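# What shape does this take:
(one chain, ligands or ions: 2)
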Amino acid sequence: MNKRLNINVSDRNAAEARGSGENKKKNRGTSSVLRRILSYALRHKAMLFSGLFLVICGTALSLIAPILTGRAIDYAVPGNTDVTMIGRYCVGIAAFIAASGAAVWSGNLLLNKLAFSTIRDIRKELFGKLLTLPLARIEKHSRGDLMTRMSAFGENLSDGLYQGIMQLSAGAVTLIATLVCMFTLNWAVATVVVCLTPVSALISAKIAKRNRTTFKVQSENMARMSGMSEEYLSGTRVLRAYGKVSDSEKSFAEINKELFKSGLSSQFAGACVNPVSRIVNNVVYAVVAIVGGIFIVASANGGWAVSIGAVLTIGELSAFLSYANQFAKPFNDMTSVTAELQTAASAGRKIFELIDGKDEDKGGALTVKSPVGDIEFDRVAFSYTDKPFMEDITFAARQGQKIALVGTTGSGKTTVINLIMRFYDITGGKLTFDDTDVDEFSRVSVRRAFGMVLQDTWLFGGTIRENIAYGKPDATDEEIARAAAAAHLDKFVSTLEKGYDTIISGDGEELSEGQKQLIAIARVFLTSPEMLILDEATASVDGLTERAVQSAFAELLGGKTSFIVAHRLSTIRDSDLIVVMDKGHIIEKGTHDELVALGGYYCEMLKAAE
Ligand SMILES: Nc1ncnc2c1ncn2[C@@H]1O[C@H](COP(=O)(O)OP(=O)(O)O)[C@@H](O)[C@H]1O
Ligand SMILES: [Mg+2]
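Ligands and ions are numbered 1, 2, ... in the order given. Next up, the predicted model:
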């Protein structure tokens, strides 16, 4: 419920600040989502290209070391020993390794920064979007779902982007450079390595796939487990009150057992990856060593290796052995990169789906001039879903009138408010402000025209003072104190050590529902708007405080148009019009006296309240 309010209130500021939202084509395919993520990364061209350049250079530099090592070894062979040359090569090797390390490290840093900057941009866009999407679109998702898209999916996306760019570029360079180096050294042995590598890569891919499947089962169980923990922890009071502790223990134990089983098999599959790929790599290594050995022998005797142009020295074989190891690496990495990219793409798809949603339209070009003379509902119909809900709503609020909406929970009172505020659009009939269709007014101006205290109070992380001054940030201390006094909040604030400077958290968890409502009420008193909407504004406040606040409200409301939803009927007795609702329909309307005289539903409600 709270989520809806968060958006409503923020709407006022955000709706104007943003440009018109374009509805880009929906991208469904993995590659098009990845291309789109890349297009965000391309906004930071300097970072992207210098990072890529450094990683590519660093990787290429590291591949020169085996050749130098090989040369050094050849100077250590008996009969051809040259200590000075060995020394020179050692210095060279050290220099190349240092340069390569520095380049890869700084390239890494830049690409990491790129990933963070990209996800920062995307998150910013997503957050802006959440403030401007139509409520109907937002309310389709649970709060948890939206938060996951904002945080966890963002993380997946930036991880995928970083890994993708990093591994793919380094892998491509390693592959090409090792191929070039190996074929330059000895075409015949190089061919052997190239033929063997696909075998090892294939085996690694197979194990990785199995590993992924078991891991997926494990994470599904993990998600079930945390979902259940959250459910039980948030309802722990109810759970204990109903004596259901042992039931929940049982179902928890079941999930826990499954998690244990899937965890074990995933651990086993994971543990297999390393040894198996190591064995495969070692076999490749051994084969290259044997083939290389044969070539060395064939070269030394001026044998067939010379005639086919494939002479090999001991040093060159050592270079080959390192290349054979590195050559397989990009293939082995490919499976994890693909998985990472797929995760990023599916996260991206979820995020872009929201970003691409059509913004709430701005409404008409007219601006509401507050106070409005007449607000008229004329046979208005509306429904949240395909099922008809609200029908034939007809009533009028003249300027300065106090209109009360009463009825059972779910009868549609808040919905009427939502329609007045244009959070939702009517689907039938007419809703007019001074004989002009509400569609013709901009949504922002409609919302501006009203001050409101809603059923769920929305506070933000900040001081109590800032929370009260939300609608009038430049209010003086005196004005704030006066508004707080009118809302009967001052007594509570005076008990706080830091008074109005007390910091409250985003959800205002340290305050009672009633205290939160009083802050929201003080907010309205501060801006003193010409028209007011109070939707169960004092529902969580105690009866005594409520009565006091009501008398302050009476003063505030004096001569102003107001819509009041209240479940305590005593507070709306003096209304100019009482609209009694049931299941989306108006069943009675009139003044208190008229409705009492009618002796219908309202009368019953009055009796029930006694
Ligand atoms: N965002 C929504 N999406 C779908 N149905 C909704 C939504 N908001 C309210 N409803 C449904 O509309 C009906 C009226 O709700 P509401 O106007 O909030 O009642 P109340 O009179 O208690 O304020 C209820 O049945 C409620 O479940
Ligand atoms: Mg309601």
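# after the host helix or strand of Leu321, next one along is what?
Element membership for Leu321 (DSSP states H and E) is helix 314-355. Using DSSP H and E, the helix or strand that follows helix 314-355 towards the C-terminus is strand 374-382.
# tilt between the helix or strand following that next one and strand 374-382?
With elements assigned by DSSP H and E, the helix or strand that comes after strand 374-382 is strand 390-398. Orientation check (axes from the mean of the first three to the mean of the last three C-alpha atoms, to 10 degrees): strand 390-398 against strand 374-382 gives 170 degrees.
# Can you tell me the centre-most residue of the chain?
For the chain, Met150 is the residue whose C-alpha lies nearest the centre (C-alpha atoms, centre = their mean; 0.8 Å).
# can I assume that residue is in contact with Arg123?
Yes: at 6.4 Å, Met150 counts as touching Arg123 under the criterion of C-beta atoms under 8 Å. Placement of C-beta: from N, CA and C, glycine included.
# residues contacting the residue nearest to the centre of the chain?
123, 126-127 (C-beta atoms under 8 Å, 6 or more residues apart in numbering).
# what about it, distance to His141?
11 Å (C-beta to C-beta, to the nearest Å).
# before we move on, back to that, got a quick ChimeraX command for the buried subset of the contacts of Met150?
Here is the ChimeraX command that selects the buried residues among the contacts of Met150 (16 or more other C-beta atoms under 10 Å):
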select :123,126
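# Filter the contacts of Met150 down to the ones in helices?
Of those, the ones assigned to helices by DSSP state H are 123, 126-127.
# Make a markdown table out of the residues you listed and add distance to Ser234 and pLDDT.
Putting the ones in helices among the contacts of Met150 into a markdown table (distance: C-beta to C-beta, whole Å; pLDDT from 0 to 100) gives the following:
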| residue | distance to Ser234 | pLDDT |
| --- | --- | --- |
| Arg123 | 26 | 93 |
| Leu126 | 26 | 93 |
| Phe127 | 25 | 92 |
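# okay, the residues you listed in JSON lines with distance to ligand 1 next?
Output for those, formatted as JSON lines (distance: C-beta to the nearest ligand atom, whole Å):
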{"residue": "Arg123", "distance to ligand 1": "25"}
{"residue": "Leu126", "distance to ligand 1": "21"}
{"residue": "Phe127", "distance to ligand 1": "21"}
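# ok, of those, which one's closest to Phe96?
Using C-beta to C-beta, Arg123 is the member of the ones in helices among the contacts of Met150 that sits closest to Phe96, with 40.2 Å.
# Without its sequence neighbours, what residue ends up closest to that closest one?
Gly154 (5.4 Å; C-beta to C-beta, 6 or more residues apart in numbering).
# repeat for Gly309
Trp187 (7.3 Å).
# Determine the number of other residues adjacent to the one you found.
By the criterion of other C-beta atoms under 10 Å, Trp187 has 12 neighbours.
# you'd agree Ala539 is up against Gln455?
Yes: using C-beta under 8 Å, Ala539 makes contact with Gln455 at a distance of 6.7 Å.
# Specify which residue of these two has the higher count of neighbours.
Gln455 (19 against 16).
# Return the residues in contact with Gly293.
With C-beta under 8 Å, 6+ apart, Gly293 has these contacts: Leu317.
# so what pLDDT did the closest residue to Ala339 other than its chain neighbours get?
Using C-beta to C-beta, 6+ apart and skipping residues adjacent in sequence, the residue nearest Ala339 is Arg212, 6.0 Å away. At Arg212 the predicted local distance difference test score is 76.
# likewise the one 5 residues further on?
We have a pLDDT of 84 for Val217.
# same deal with the one 4 residues further on?
Model confidence at Asn221, given as pLDDT, is 82.
# what ranges do the strands span in this structure?
With DSSP state E, the ranges of strands along the chain come out as 374-382, 390-398, 402-407, 428-433, 436-437, 450-453, 462-463, 503-504, 531-535, 561-565, 577-582, 585-590.
# Measure how the last one sits relative to strand 577-582, angle-wise.
Interaxial angle, strand 585-590 versus strand 577-582 (the same axes, to 10 degrees): 150 degrees.
# Spatially nearest residue to Phe492, not counting backbone neighbours?
Phe492 sits nearest to Gln515 (C-beta to C-beta, 6+ apart), 5.9 Å away.
# can you tell me how far the one you found sits from ligand 1?
23 Å (C-beta to the nearest ligand atom, to the nearest Å).
# And that residue, how close does it get to Arg224?
37 Å.
# Residue numbers of this protein in contact with ligand 1?
Within reach of ligand 1 by C-beta under 6 Å from any ligand atom, the chain has these residues: 139, 384-385, 389, 407, 409-415.
# From those residues, which shows the smallest pLDDT?
Glu139 (82).
# returning to that earlier point: and the furthest pair within the residues of the chain next to ligand 1?
Longest span within the residues of the chain next to ligand 1, C-beta to C-beta: Glu139 and Gly407, 21.6 Å.
# mind checking how far stretch 475-483 is from the chain centre?
37 Å (C-alpha atoms, centre = their mean, to the nearest Å).
# Would you indicate which residues of it are buried?
Neighbour-count burial for stretch 475-483 [16+ other C-beta under 10 Å]: 475, 479-483.
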